[in-house]
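Colleague: coordinates only, sequence not included:
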């Protein structure tokens, strides 16, 4: 006996819900995988707006959110973040009167030079406060196996360099030389550097000068204002720097050791019973040169 055959229209109607459901599932999975693996979703998932404090006004909160999202997108969109390549630095081989001769002068005469400090420290301020130019230079010229700064490499070809380091000890010369002798040396160093092809090409914008004292290199600083300066601070209250010379956009602050009395273990023990304040932050706008 032949089986009863259902009309084709009924079969089509009975399969339609199944096909529709299957299509919806496929579509949903497609969207899921698209958003899961797309680059924009990674950024969106990674950008979590900071916690909103209830006291912050809505318009301020919205501005903070927009700035935060923009900064995170900039950081993650920058091909050099996190830094995949070290910074390549070319160290100029300057005449010895700008480098080694000044180090020898300091070694032989620093005990005889004036060292007026606010706390009467026996350690010369060129060692205690303003020796950052020496340590940077010593690390850059050291054998690669002995160097501490692994994210900075020294190159021997100028065309390979990202930055150019000028190893002139501007602060040693300021402290140890007579005023006119120091100014003459500054002018010689300025001419030597500005005569270099790399300087002329960039007008000094990729050159680094260690100027770790407010009076270092002061008589000729206006000629190198495009360069990157290594500074102890950017204090403008003492007329240390002229307008347009220093900028947070190009210069780097390397803090110095302040001349203040330190409270050692004995001091802490003796003063413990007298202290009524848990923490105290000391600071001022004006600095001790």
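Modeller: Nice, thanks for sending it over. Predicted model only: the values in this text are computed from it and were never measured.
Colleague: which stretches of the chain form helices?
Modeller: Secondary structure of the chain (DSSP state H): helices at 8-37, 39-46, 58-77, 100-109, 125-128, 132-141, 170-176, 179-194, 197-202, 265-271.
Colleague: my guess is residue 229 contacts residue 251, does it?
Modeller: Yes: shown here, residue 229 and residue 251 form a contact pair, counting by CB atoms under 8 Å, at 4.5 Å. From N, CA and C alone the C-beta is placed, and that goes for glycine too.
Colleague: out of the two, which sits in the more crowded spot?
Modeller: residue 229 (24 against 18; other CB atoms under 10 Å).
Colleague: now residue 156. Nearest residue, chain neighbours left out?
Modeller: residue 90 (7.7 Å; CB to CB, 6 or more residues apart in numbering).
Colleague: mean confidence (pLDDT) on stretch 91-102, please.
Modeller: The predicted model gives stretch 91-102 an average pLDDT of 92.
Colleague: ok, residues contacting that stretch?
Modeller: Stretch 91-102 is contacted by residues 137, 140-141, 154, 164-169, 172-173, 176, 185, 188-189, 192-193, 196 when judged by CB atoms under 8 Å, 6 or more residues apart in numbering.
Colleague: which ChimeraX command selects the buried ones in those?
Modeller: Here is the ChimeraX command that selects the buried residues among those (16 or more other CB atoms under 10 Å):
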select :137,140,154,164,165,166,167,168,169,172,173,176,185,189,192,193,196
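Colleague: sorry, back to before: least reliable of the helices of the chain going by mean pLDDT?
Modeller: Looking over the helices of the chain, mean pLDDT reaches its minimum on helix 39-46, with a mean of 43.
Colleague: need the distance between the two termini of stretch 265-277.
Modeller: Terminal residues of stretch 265-277 lie 18 Å apart, using CA to CA, to the nearest Å.
Colleague: my bad, should have said stretch 149-162
Modeller: Stretch 149-162: ends 16 Å apart by CA to CA.
Colleague: which positions in it come out as buried?
Modeller: In stretch 149-162, counting by 16+ other CB under 10 Å, buried: 152, 153, 154, 161.
Colleague: name the nearest of these relative to residue 274.
Modeller: Using CB to CB, residue 152 comes nearest to residue 274 of the buried residues of stretch 149-162, at 46.7 Å.
Colleague: without its sequence neighbours, what residue ends up closest to the closest one?
Modeller: Using CB to CB, 6+ apart, the nearest residue to residue 152 is residue 87, at 4.9 Å.
Colleague: and the one you found, what is it in contact with?
Modeller: Counting by CB under 8 Å, 6+ apart, residue 87 makes contact with 151, 152, 153, 162, 163.
Colleague: ok, residue 161 next?
Modeller: Listed by CB under 8 Å, 6+ apart, the contact set of residue 161 reads 88, 89, 90, 155, 198, 206.
Colleague: ok, residue 166 touching residue 204?
Modeller: No: between residue 166 and residue 204 there is no contact under CB under 8 Å: 9.4 Å.
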